[in-house]
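[1] Structure for the following, please:
(2 chains)
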Amino acid sequence: MQHGDKIDVSGSDVSKELTIPKLFYEKALQYGENRVAMREKEFGIWRPITWGKYLENVKHIALGLISLGLEEGDKVSMIGDNRPEGLWAEIATLCARGIGVWLFQDCLMDEVRYIVDHSDTKFLFGEGQEEVDKAISIFHECPKLKKIIWDDPKGMRHYDEDYLISLKEVMELGKALEKEKPDLFEETIDKGHGDEVALLFYTSGTTSLPKGALLSHHNMLTMGKHLMAVDPCRDTDDYVSYLPFAWIGEQMMSISCGLQVGYTLNFPEEPGTAQENIREIGPHVMFAPPRLYEQMTRTVQVKYLDATWIKRKFYELSNKIGYHVANLKFGKQSIPWYWKFLEWLAEISVQKKLKDHLGLSRVRNAYTGGAAMGPDHFRFFHAMGVNLKQIYGQTEVAGISVVHRDGDIKFDTVGHPIRGTEIMITEDGEIITKSPSVFLGYYKNPEATEKALRDGWLYSDDKGFIDEDGHLVVFDRTKDVFTLRNGKPFSPQYLETRLKFSPYIRDSWVIGDKRDYVTAVLCIDYSVVGKWADEKKITYTSYPELSQKSEVYELVEEQIRQANKDLPEEAKVSKFANLYKELDPDDEELTRTRKLRRGFVEKRYEDIVNALYGDTDMVHIDTTIKYEDGRQSNIKTDLQIRNVKE
Amino acid sequence: MSTTFLPCSVYHENYAQDHGWWQTTFITGKMILLAVVLLGVIPYFADMYSLSVCNQIGYTILGALGVQLLIGFCGQVTLGHAAFIAVGAYTSTLLILEFPWPKILITAGLAYPISILVAAIVAGLWSVLFGLPSARVKGFYLILTTMAAQFITVDFIITQYVSQIGGRGQAFSLPPGTIKIGPWVIDNDLKVYYLMLVLVIICVIGIINLLRSRSGRAWVAIRDNDISAEVMGINVVWYKLMAFFVAGFIGGIAGSFWISNLAAISPEHFPWFWSLWLVGVILIGGVGSIHGTVFGSIFMVVVIELLQLAVIPLADIYPKLLIDFLFIKEAAFGLAICAFMIFEPNGLAYRWWQMKNYFNLWPFSY
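    Residues are numbered from 1 along each chain as shown, chains lettered A, B, ... in the order given. The predicted structure follows:
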């Protein structure tokens, strides 16, 4: 069954001996005190940490872990914000020949317990009180967990559990061990081999319990090397690390690529200030899931709506020029000199400033991946002059396998495979991958491993095809592809991202598989619609109330009409409802990376789905919602169902 | 108001950078352009009349800086600043005319430069003397005590006693050639202009640097709430007196600078109205802003000059206008203050800030 288009095959050029710690050690010695490895914003300034200091900290933590009893292959979990200490802990774990496991910081207690227990975690690094509290409450349910390590002393004074230990104390233990055995650190690093497991990643599956993907040092390093071969970075570059380390994309930029290139990682002051901090740093390279680019688009659209007349006109004009030039580039047509001149005018008058506001003024390559990105958003960034590229990959290939090349960008594809990667399409249209970065298997889950790994090929469960230019087109998850009433397959994600291009719509969920017509459930953007309502003098007190206002329904209907344009009749959204709440990963409606869990929501909102396909115009809702702290509350409301008029 | 808008990718790794003056090349370029205009374009193209207007502006800036420091940054309302300018002017003049300088210093032309420094210190100390009540009184009462400084110093001590020194009567004339720095005799408006430029630049830099130091922060804390400032461990009296000293010091410099532009000085050069005028300058320019001090000075001087230009042709028709000009000027001053209080209460500096924001936020409005 394995036939199809072969795209690119070539060998790997990373030595099997090389491990992440070896590379780290080499870089740290090479750069020493002269170069900044990372910065963290604290009290208003970007405190630099040199490679020398980085090495010293990692060494002490690694030796501290060893003296606490870490042995080869032991798992160490980490949970917390992006901060230098988190990365030190991870590298130290690898240096001590342990295996790193990252958890999403906003994981609920059950998820933490499941992952810590399932991964056989021995040590858990928590950032501060919040994480320590989570860890303490699950400690006795996870018998293999030995110590909980924290680094932020805020609120930790009265904790006296004997299995708690501060990072400082761990480092003291490390220093003591270093005095005793000065060469232990280097010796331990030298023992490592590229084929050993480095990281254990829990994929936030859209369907079932998280599965733990085992990635070796070699997986991580080859992936980084091959991505950097496509778009080389320099060691003078800046990168902002603010997305969860538990997401493979962040690991790939911070570790796989970061260590090989040696660029400076910058950690924001708080998660809430990330956007502002990115603007200050102005990274040269960034990789983020589509939702962050969607957020940027929304910001621009909303600010545009609120700008004064002259500013709006300038923006509109430069936008028109930008779109025209971007379309020419997408079509690989030559750009006439007068359009080049106009583009230059648009660049100096508006786009330069626009990129400055978004923190994109130095970006050479911006990547998006992890979920589908709508063509509208994609074109929006290209019209602004940002070199945005799609990436396709999954945790199981250590991040990415396919990426756009400069000057060969099509907004409905994800580009060509990186070096050493082979992509094929099976007879059923499934995308399969072979590369040195393909993972070792799922931890304690041989059935899943067997399903995903066959003859060295990774089965992605994604449908796609290869177009006439050799670009890979990812259609959708196999199980998510719709069959329309005319029997044609259709990707709901495509329609969802189109809907999300409206600044008023934050999340969308399109329904219509094997049904007579397509419908959608939408979540309005509370702040944007709220502002709009304020201006229109529409009173409201809460999200549920605002979402059900008839004026808001009209507004949303107009947005749907926009999205319906140029779609075939069968694929047009003809009925919709505004949801009374935003979709939330805490309610398990989205994954931690904010992908819609279709099966789950369809069951949870069965009433709404039935109403959308019935002939009522109102559905009564009586449900419970969960808050972040675990509290629950009951919601009773009536939801309108509305037809989209032509 | 003074936070700098930094473009993307300008960031700081330490607080020294964070407090740096010229954080972007754009600002550096702007400053170079300003230097070219001030040092090249204006002296080259301006006629003597325009230069004298510039000198008047510079004098106003030097005078208003002290007032800005006291009112705008330390919250100590003063209405007697002309007194300290007078002290500076008289100290400087007396030192030049009466002090038995060693011959060598006179020939080296150091008498005037030294007198500027001494005048500044004397004026500063004199200012501290009248700042002492600020330890106890605030607001309206402090205004009255500072007004007392004006009347005691200028109308009483200087008019009645200091002016009698040397038996010259009311005015001290400054013979040509007495004001010189080294071999450089200051005898025309262009030279005064250069001297003015140097002094204004030094004083503005000095004040801005002070404001971003511990003292500057203490002053602002006292301005915002003196009780909280004290609770936070700031020695309120000490810093208030320090503000008075610095304000008087700069007033002294202003005074001793101004004698270079005058043939003779008399107490009429430092009326109480001048104190009030300087307060008007900072109100119009913007309270709590160094930019505002400069903008206010330019605005007030230029408006009065324009008014004068307007009055002269009209005087042909109605000659009494010329005699009444002083009152017209005062009326215009009052009107300007009223207009600003109503339409632009935050002064010209705020307008400037908004203009910058308009372009900084381009193409958005926030």
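[2] contacts and neighbour counts: CA atoms only from here.
    OK.
[3] For residue 96, the count of nearby residues, please.
    Using chain A. Using other CA atoms under 10 Å in any protein chain shown, A:Ala96 has 31 neighbouring residues.
[4] if you could check chain B rather than the one you did, that'd help
    Taking other CA under 10 Å as the definition, B:Ile96 ends up with a neighbour count of 22.
[5] how about it, what does it touch?
    Taking CA atoms under 8 Å, 6 or more residues apart in numbering or on different chains as the criterion, B:Ile96 is in contact with B:Ala111, B:Tyr112, B:Ser115, B:Thr178.
[6] which of the residues in the helix or strand that contains it are buried?
    B:Ile96 belongs to helix B:81-98 when assigned by DSSP states H and E. Taking 16 or more other CA atoms under 10 Å in any protein chain shown as the basis for neighbour counts, the residues of helix B:81-98 that come out buried are B:81-97.
[7] Now that helix: average pLDDT?
    For helix B:81-98, the per-residue pLDDT values average out at 94.
[8] what's the answer for stretch A:411-423, then?
    89.
[9] Output it as PDB, nothing but the C-alphas.
    C-alpha atoms of stretch A:411-423 as PDB (Å, rounded to 0.1, in the frame of the first residue of the first chain):
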ATOM      1  CA  PHE A 411      -1.500  29.800   1.700                       C
ATOM      2  CA  ASP A 412      -3.500  26.500   1.400                       C
ATOM      3  CA  THR A 413      -0.500  24.200   1.700                       C
ATOM      4  CA  VAL A 414       2.200  23.500   4.200                       C
ATOM      5  CA  GLY A 415       5.100  23.400   1.800                       C
ATOM      6  CA  HIS A 416       7.900  20.800   1.300                       C
ATOM      7  CA  PRO A 417       9.400  18.300   3.700                       C
ATOM      8  CA  ILE A 418      12.600  19.300   5.400                       C
ATOM      9  CA  ARG A 419      15.800  17.400   4.700                       C
ATOM     10  CA  GLY A 420      15.800  13.700   5.700                       C
ATOM     11  CA  THR A 421      12.100  13.500   5.700                       C
ATOM     12  CA  GLU A 422      10.000  11.400   3.400                       C
ATOM     13  CA  ILE A 423       6.300  12.000   3.100                       C
END
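[10] Now do it: distance to the chain's middle.
    What separates the centre of stretch A:411-423 from the centre of its chain is 19 Å, taken as CA atoms, centre = their mean, to the nearest Å.
[11] Same check on stretch B:183-190?
    Per CA atoms, centre = their mean, the centroid offset for stretch B:183-190 relative to its chain is 22 Å.
[12] And for stretch A:624-639?
    Shown here is stretch A:624-639, whose average C-alpha point lies 27 Å from the average C-alpha point of the whole chain (CA atoms, centre = their mean).
[13] ok, now stretch A:357-375?
    Taking CA atoms, centre = their mean, the mean C-alpha location of stretch A:357-375 is offset from the chain mean by 12 Å.
[14] which residues touch the closest residue to B:Ala263 other than its chain neighbours?
    Once flanking residues are discounted, B:Ala263 sits nearest to B:Leu174: 5.3 Å by CA to CA, 6 or more residues apart in numbering or on different chains. Contact criterion CA under 8 Å, 6+ apart gives B:Thr93, B:Leu97, B:Leu262, B:Ala263, B:Ala264, B:Ile265 as the residues in contact with B:Leu174.
[15] can you check A:Trp46 too?
    If you count contacts by CA under 8 Å, 6+ apart, A:Trp46 has them with A:Arg39, A:Glu40, B:Tyr11, B:His12, B:Glu13, B:Asn14.
[16] Which of these fall in strands?
    A:Arg39, A:Glu40 (DSSP state E).
[17] Tell me the buried residues within the contacts of A:Trp46.
    Under a neighbour-count criterion of 16+ other CA under 10 Å, the subset of the contacts of A:Trp46 counted as buried comprises A:Arg39, A:Glu40, B:Tyr11, B:His12, B:Glu13.
[18] closest to A:Ser633 among these?
    Within the buried ones among the contacts of A:Trp46, distances to A:Ser633 taken as CA to CA reach their minimum at A:Glu40, with 38.4 Å.
[19] pLDDT score assigned to that closest one?
    According to the predicted model, the pLDDT of A:Glu40 comes to 95.
[20] What separation do you get for it and chain B?
    9 Å (CA to the nearest CA, to the nearest Å).
[21] How about the residues of the stretch 151-300 of chain B by chain A?
    If contacts are counted using CA under 8 Å from any CA of the partner chain, no residue of the stretch 151-300 of chain B sits beside chain A.
[22] Please enumerate the helices of the stretch 151-300 of chain B.
    Chain-ordered helices for the stretch 151-300 of chain B, with DSSP state H, counting those that start in this stretch as the definition, fall at B:189-211, B:214-224, B:226-231, B:236-258, B:272-285, B:290-317.
[23] Name the residues of the shortest one that are buried.
    This points to helix B:226-231. Under 16+ other CA under 10 Å, the buried positions of helix B:226-231 are B:Asp226, B:Ala229.
[24] Off-centre distance for the host helix or strand of B:Phe140?
    Element membership for B:Phe140, per DSSP H and E: helix B:139-150. The offset between the C-alpha centroid of helix B:139-150 and the centroid of the whole chain comes to 19 Å, using CA atoms, centre = their mean.
[25] got it, and stretch A:82-99?
    On CA atoms, centre = their mean, the centre of stretch A:82-99 falls 21 Å from the chain's centre.
[26] ok, and does that stretch reach over to chain B?
    No. Against chain B, stretch A:82-99 shows no contacts by CA under 8 Å from any CA, the least distance being 15.4 Å.
[27] I'd like the average pLDDT over that stretch.
    Per-region confidence: stretch A:82-99 scores 95 on mean pLDDT.
[28] Excluding sequence neighbours, find me the nearest residue to A:Val474.
    For A:Val474, ignoring the flanking residues on the chain, the nearest one in space by CA to CA, 6+ apart is A:Gly464 at 4.3 Å.
[29] ok, the one you found - contacts?
    When contacts are counted by CA under 8 Å, 6+ apart, A:Gly464 touches A:Ile425, A:Gly429, A:Glu430, A:Ile431, A:Leu472, A:Val473, A:Val474, A:Phe475, A:Asp476.
[30] Would you double-check that it falls in a strand?
    Yes. Residue state for A:Gly464 (DSSP: H, G, I helix; E, B strand; the rest coil) corresponds to a strand.
[31] picking that back up, tilt between the helix holding B:Phe140 and helix B:272-285?
    Comparing the axes of helix B:139-150 and helix B:272-285 via axes from the mean of the first three to the mean of the last three CA atoms, to 10 degrees yields an angle of 140 degrees.
[32] remind me which residues of chain B are low pLDDT?
    Scanning chain B with the threshold set as pLDDT under 70 gives B:1-4.
[33] Kindly apply the preceding question to chain A instead.
    Checking chain A against pLDDT under 70 turns up A:1-12, A:204-208, A:478, A:628.
[34] the domain parsing of it - what is it?
    The record's domain split for chain A, according to automatic domain parsing, is A:20-192+A:234-278, A:288-479, A:481-643.
[35] Count residues in the vicinity of B:Leu309, would you?
    When neighbours are defined as other CA under 10 Å, B:Leu309 has 11 of them.
[36] same thing with B:Ile234?
    For B:Ile234, using other CA under 10 Å, the count is 19.
[37] what's the answer for A:Glu557, then?
    The tally of other residues near A:Glu557 (other CA under 10 Å) stands at 22.
[38] ok, residues contacting whichever strand or helix holds it?
    Here A:Glu557 is covered by helix A:550-564, with elements defined by DSSP H and E. Around helix A:550-564, the neighbours that count as contacts under CA under 8 Å, 6+ apart are A:495, A:498-499, A:502, A:504-505, A:529, A:546-547, A:572-573, A:578, A:642, A:644, A:646.
[39] between whichever helix or strand comes after it and helix A:550-564, how many degrees?
    In the C-terminal direction, the helix or strand that comes right after helix A:550-564 (DSSP H and E) is strand A:573-578. Relative orientation of strand A:573-578 and helix A:550-564, computed by the same axes, to 10 degrees: 140 degrees.
[40] ok so A:Lys603 is a strand residue?
    No. Counting by three-state DSSP, A:Lys603 is not found in a strand; it is helix.
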